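A.B. asks: Just a sequence and a predicted model for now, questions to come.
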Amino acid sequence: MNAPRRGFLRVDNRRMLGKLLVMVLVMFGFGYALVPMYRTICTALGINVLTVSSDRAASWSGSETVANTQVDPTRTVTVIFDANAHGPWAFKPETRSVKVHPGQVTTVMYDFTNTLKRKVNVQAIPSYAPMQAAAHFTKLECFCFSQHALAPGESKRWPVVFVVDPKLPRDISTITLSYTFFEVGVSTPMPPAGPDT
């Protein structure tokens, strides 16, 4: 009587294992598809948009000349820089704001320090306020174009080279450029850093 019962349990265990493996594969596939889904949704809605696509970013190189733009000296736009770190890192702009003329190429610097005692891979995501300013704010060079690996305690100083399009609506006199740094390749949010992290 015990032999058939054991066989029945083995069949049930195999079925359960098969169902669990299918669930794991489905969850992995969904997680893998989140990044392209996020980019598509954000591009469609115009939020947290990486304004320069990877193809366009690849086209910028030191050997190419950026097309000359017409500077509008009659207008001044204030660009405010904001820095957020989704993790225990030190990240800030060297300048909190600048006044620029539309069409004027401007460079600002950002400082980033990995305060952890381990290597991190990070990526910055930009966002803009007001949202309609994103279409008129072109970054020619930016650390947000790629991921960065930093050793424990390593510091980096990165430039952001940008130009505000002269076609920016005249009712917009202030643009806020905000960056948020995320750690890449971790499945759960970073816990707050303690002294032994």
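C.D. replies: Looks like it came in fine. Everything numeric here is computed off the predicted structure, so don't read it as measured data.
A.B. asks: what about the residue positioned nearest the centre of the chain, helix or strand, and which?
C.D. replies: In the chain, the C-alpha nearest the mean C-alpha coordinate belongs to Ile125, at 2.2 Å (Cα atoms, centre = their mean). Element membership of Ile125 [criterion: DSSP states H and E] is strand 120-129.
A.B. asks: Just checking: what are the partner strands of the helix or strand following that strand?
C.D. replies: For strand 120-129, the following helix or strand on the C-terminal side (DSSP H and E) is strand 137-141. Partner strands and pairing direction for strand 137-141 (DSSP bridges) are strand 155-164 (antiparallel).
A.B. asks: What residues of the strand it pairs with count as buried?
C.D. replies: Trp158, Val160, Phe162, Val163, Val164 (16 or more other Cβ atoms under 10 Å). For glycine as for every other residue, the C-beta is placed from the backbone atoms N, C-alpha and C.
A.B. asks: between that strand and strand 120-129, how many degrees?
C.D. replies: If you take axes from the mean of the first three to the mean of the last three Cα atoms, to 10 degrees, strand 155-164 sits at 30 degrees to strand 120-129.
A.B. asks: Residue numbering should commence at 44 henceforth.
C.D. replies: Happy to do that; since the first residue is 44 now, the last one works out to strand 198-207.
A.B. asks: Any idea how far strand 198-207 is from the middle of the chain?
C.D. replies: 14 Å (Cα atoms, centre = their mean, to the nearest Å).
A.B. asks: just to revisit the earlier point, let me know the closest of the buried residues of strand 198-207 to Phe224.
C.D. replies: For the buried residues of strand 198-207, the residue nearest Phe224 by Cβ to Cβ is Trp201; the value is 11.0 Å.
A.B. asks: I'd guessed the closest one sits against Phe155; true?
C.D. replies: Yes: counting by Cβ atoms under 8 Å, Trp201 does reach Phe155; the two are 6.8 Å apart.
A.B. asks: Residue ranges of each domain in this protein, please.
C.D. replies: Annotated domains of the chain cover 44-88, 94-226 [automatic domain parsing].
A.B. asks: Could you identify which of those is most buried?
C.D. replies: Among these, ranked by average contacts under mean count of other Cβ atoms under 10 Å, first place goes to domain 94-226 (a mean of 15).
A.B. asks: hang on, the earlier thing: let me have the domains of the chain in a markdown table, extended by mean pLDDT.
C.D. replies: What follows is these, written out as a markdown table (pLDDT from 0 to 100):
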| stretch | mean pLDDT |
| --- | --- |
| domain 44-88 | 75 |
| domain 94-226 | 83 |
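A.B. asks: now the strands for this structure?
C.D. replies: Taking DSSP state E to define them, one finds strands in the chain at 120-129, 133-136, 140-143, 148-156, 163-172, 180-184, 191-193, 198-207, 217-226.
A.B. asks: Can you say which of those strands is nearest to Thr83?
C.D. replies: Of all those, strand 163-172 comes closest under Cβ to Cβ, at 14.8 Å.
A.B. asks: packing partners for that closest one?
C.D. replies: Where contact means 3 or more Cβ pairs under 8 Å, 6 or more residues apart in numbering; DSSP states H and E, strand 163-172 is packed against strand 191-193, strand 217-226.
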